[in-house]
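Visitor: sequence and predicted structure below; questions after.
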Amino acid sequence: MSLHVVHVITGLSRGGAETALHRLVHGLSREAGFTHSIVSLTVDNQFDFEPLGVAVRTLGMRRGLPTPAALWRLRRMVSELEPDIVQGWMYHGNVAATLAMKPDAAVPVIWNIRHSLHDLAREKPLTRLLIRVGAVLARRTTVRRIVYCSDTSRVQHERVGYPHSKSVHIPNGFDCQRFRPSPDGRYRVRRSLGLEDDAVVVGSVARFHPIKNHVGLIAAFSRIAPRYPRAKLLLAGLGISVENEAITEAIRRGGQQERIILLGERNDMPDLFAALDVLVLGSRSEGFPNVLGEAMACGVPCVTTDVGDAASIVGDTGFVAAANDEAGLAEALGRSLALPDDERVALGERARSRVRQFYHMPEVVGRYAELYRHTSGSSAGGDAHAMNDAQLR
C-alpha cells in the first residue's frame, strides 16, 4: 500500500529541521511505497525538492500564530492533497498541522520536535505560547506520535506536559558518502585560505546568534592559543564576518587577530570539514546539533559543550565541557590540541565509525518508514496495530 505523507513546516530556510526534512524525503523517495508533498507556511523557501519529484505548496503566512483564515486555507490545501499521514515540523508546523485537521479526523498527525527546552521562561513569548499550546493539543487523538530528534528534548517536553505515551526518539541521520574524509578537499580549502601545512585547524560552523556563543568560544580559544602556536581558529556561518562588531570586538579582546579567520557562509561543507583537525561547538543550548555528526562523518574529532544530545553523539570520540563555562571549554580545546597528530587522526577515524554505527542515514530513514507504516496501520486497524510500540522507541 502506497502512503502519501504531507509535511507541514514553517519554512524551508537553511536550518537543521529543514535539512533533516530534505534528507528524509530524499531517503524515503528510494523506499517503495511512499510519496510526499510539502506545505510551507511562509515563503522563505531555499530548498529545491523538484529533483526529488516532491511538490512544495506555500501558504504565504506571515510569521507568528496562524490566523483563522490561514488555517482555513491550510485545511483546504491539505485536504486537496489527500494525505494518509500529516507530519508537522517544529512548533509552528505541529500546531498548524493539528489545527488544520478536524478533531475527529481519521488522518493521523505526527509531530516532529527539534528544539531543546532548558528553560521555558527564557524562550521568546511566542515560542513559549506555542510550547504551552502544543502541550494541550498533543493530547488530541489525531496526534498519534511525537518524534524527538533529541532524547534530552523528549525528557524536557514531557516535564512540561507533552504525553510520554506518544513519544518516539529518532535521531538525525547523516549521509556518510557525502560527508567523508577527503584529502583533496582538505588540500583545496587549506591552500585557498593560505594555511600552513602543519597548522592545527579548529573550526566552528554556526550562524551568528547569542545561543551559539561565538564570543565565549573566541575567548576560550584565546586563552589557550599561546600554548599551541600551530593552532588556528576558523569561524564559518551566516553573520560571521568583519562587519559583525560583536565578533571583531571579541577577537580584539582576545589578542589573537592573526590566528582567527572569519569565513562567512560556505557551500562546500564536506570539504570544509575535511580541512579541519578539530570541530568545536560552544553553544549554550542545542537539541541535536547536526554539525557534530557531519564533522565526525568526515573523520574530524569534536569538542562540544554538554547541550542537548551533543555528549551522546560524540561519545568517547571527543571532548565535552559544561555549557556556559569558558574555562572548561578552553581546557577541552587544549586537550584536543595537545594530542599528537596521529592520535588526533585516529580519534577522528573512531568518530566516523561511531556515526556509521549509530547515525547512518539509511537506518534513520528506515525508522521513519516503520513509524509511518505503523501509524497508518494503527489508524486503519490493520496488522501493524499489533506492533509493539517499544520497537518505535
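Guide: Looks like it came in fine.
Visitor: please make it C-alpha for all contacts and neighbour counts, starting now.
Guide: Fine.
Visitor: average model confidence for stretch 364-383?
Guide: Across stretch 364-383, pLDDT averages out at 79.
Visitor: alpha carbons of it, as PDB, please.
Guide: Extracted as PDB, the C-alpha positions of stretch 364-383 are listed here (Å, rounded to 0.1, in the frame of the first residue of the first chain):
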ATOM      1  CA  VAL A 364      17.200   6.600  10.300                       C
ATOM      2  CA  VAL A 365      15.100   6.600   7.200                       C
ATOM      3  CA  GLY A 366      14.100   3.000   7.900                       C
ATOM      4  CA  ARG A 367      12.900   4.000  11.300                       C
ATOM      5  CA  TYR A 368      10.700   6.800   9.900                       C
ATOM      6  CA  ALA A 369       9.400   4.300   7.300                       C
ATOM      7  CA  GLU A 370       8.500   1.900  10.100                       C
ATOM      8  CA  LEU A 371       6.800   4.800  12.100                       C
ATOM      9  CA  TYR A 372       4.700   5.900   9.100                       C
ATOM     10  CA  ARG A 373       3.600   2.300   8.300                       C
ATOM     11  CA  HIS A 374       2.800   1.600  11.900                       C
ATOM     12  CA  THR A 375       0.900   4.800  12.500                       C
ATOM     13  CA  SER A 376      -1.100   4.400   9.300                       C
ATOM     14  CA  GLY A 377      -1.800   0.700  10.100                       C
ATOM     15  CA  SER A 378      -2.900   1.700  13.600                       C
ATOM     16  CA  SER A 379      -5.200   4.300  12.200                       C
ATOM     17  CA  ALA A 380      -6.800   1.800   9.800                       C
ATOM     18  CA  GLY A 381      -6.900  -1.000  12.400                       C
ATOM     19  CA  GLY A 382      -4.600  -3.100  10.300                       C
ATOM     20  CA  ASP A 383      -2.000  -5.700  11.300                       C
END
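Visitor: in it, what counts as buried?
Guide: Of all the residues in stretch 364-383, those buried under the rule 16 or more other C-alpha atoms under 10 Å are 364-365, 367-369, 371-379.
Visitor: so which of the residues you listed sit within helices?
Guide: Applying DSSP state H to these, the entries found in helices are 364-365, 367-369, 371-379.
Visitor: now the strands for the stretch 151-300 of the chain?
Guide: In the stretch 151-300 of the chain, the strands defined using DSSP state E, counting those that start in this stretch lie at 167-169, 200-205, 231-236, 260-264, 278-281.
Visitor: give me the low-pLDDT residue ranges for this structure?
Guide: 1, 30-31, 44, 64, 378-393 (pLDDT under 70).
Visitor: quick revisit: redo the strands of the stretch 151-300 of the chain as TSV? Include mean neighbour count and distance to Ala70.
Guide: Formatted as TSV, those follow (neighbours: other C-alpha atoms under 10 Å; distance: least, C-alpha to C-alpha, whole Å):
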stretch	mean neighbour count	distance to Ala70
strand 167-169	21	28
strand 200-205	23	36
strand 231-236	22	37
strand 260-264	18	36
strand 278-281	27	38
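Visitor: out of these, which comes closest to Arg350?
Guide: strand 278-281 (13.4 Å; C-alpha to C-alpha).
Visitor: and that closest one, which strands flank it?
Guide: Using DSSP bridges, the strands paired with strand 278-281 are strand 200-205 (parallel), strand 302-305 (parallel).
Visitor: and that strand, how far from the chain's centre?
Guide: 16 Å (C-alpha atoms, centre = their mean, to the nearest Å).
Visitor: can I get the strands of the stretch 151-300 of the chain in a markdown table including distance to Val143?
Guide: Below are these laid out as a markdown table (distance: least, C-alpha to C-alpha, whole Å):
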| stretch | distance to Val143 |
| --- | --- |
| strand 167-169 | 11 |
| strand 200-205 | 35 |
| strand 231-236 | 38 |
| strand 260-264 | 40 |
| strand 278-281 | 34 |
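Visitor: which one of those lies closest to His92?
Guide: strand 167-169 (18.4 Å).
Visitor: roughly how far is that closest one from the heart of the chain?
Guide: On C-alpha atoms, centre = their mean, the centre of strand 167-169 falls 16 Å from that of its chain.
Visitor: cool, stretch 66-84 as well?
Guide: Using C-alpha atoms, centre = their mean, the offset of stretch 66-84 from its chain centre is 27 Å.
Visitor: for that stretch, C-alpha coordinates in CSV please.
Guide: C-alpha atoms of stretch 66-84 as CSV (Å, rounded to 0.1, in the frame of the first residue of the first chain):
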residue,chain,number,x,y,z
PRO,A,66,-1.7,31.2,12.3
THR,A,67,-4.8,33.2,11.7
PRO,A,68,-8.3,31.6,11.3
ALA,A,69,-8.1,32.5,7.6
ALA,A,70,-4.7,30.9,7.2
LEU,A,71,-5.8,27.7,9.0
TRP,A,72,-8.9,27.5,6.7
ARG,A,73,-6.6,27.8,3.6
LEU,A,74,-4.2,25.2,5.1
ARG,A,75,-7.1,22.8,5.9
ARG,A,76,-8.3,23.1,2.3
MET,A,77,-4.8,22.7,0.9
VAL,A,78,-4.1,19.6,3.0
SER,A,79,-7.5,18.1,2.1
GLU,A,80,-6.8,18.6,-1.6
LEU,A,81,-3.5,16.6,-1.2
GLU,A,82,-5.4,13.6,0.2
PRO,A,83,-2.8,12.5,2.7
ASP,A,84,-2.5,9.2,4.6
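Visitor: what's the local residue count around Gly237?
Guide: Gly237 has 17 neighbours, counted by other C-alpha atoms under 10 Å.
Visitor: can I get the strands paired with strand 278-281 in JSON lines including distance to Leu337?
Guide: Putting the strands paired with strand 278-281 into JSON lines (distance: least, C-alpha to C-alpha, whole Å) gives the following:
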{"stretch": "strand 200-205", "distance to Leu337": "8"}
{"stretch": "strand 302-305", "distance to Leu337": "10"}
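Visitor: wait, what's in contact with Leu71?
Guide: Residues in contact with Leu71 (C-alpha atoms under 8 Å, 6 or more residues apart in numbering) are 96, 99-100.
Visitor: is it within a helix or a strand, and which one?
Guide: Per DSSP states H and E, Leu71 falls inside helix 68-81.
Visitor: Leu195: neighbour count?
Guide: So Leu195, with other C-alpha under 10 Å, has 15 neighbours.
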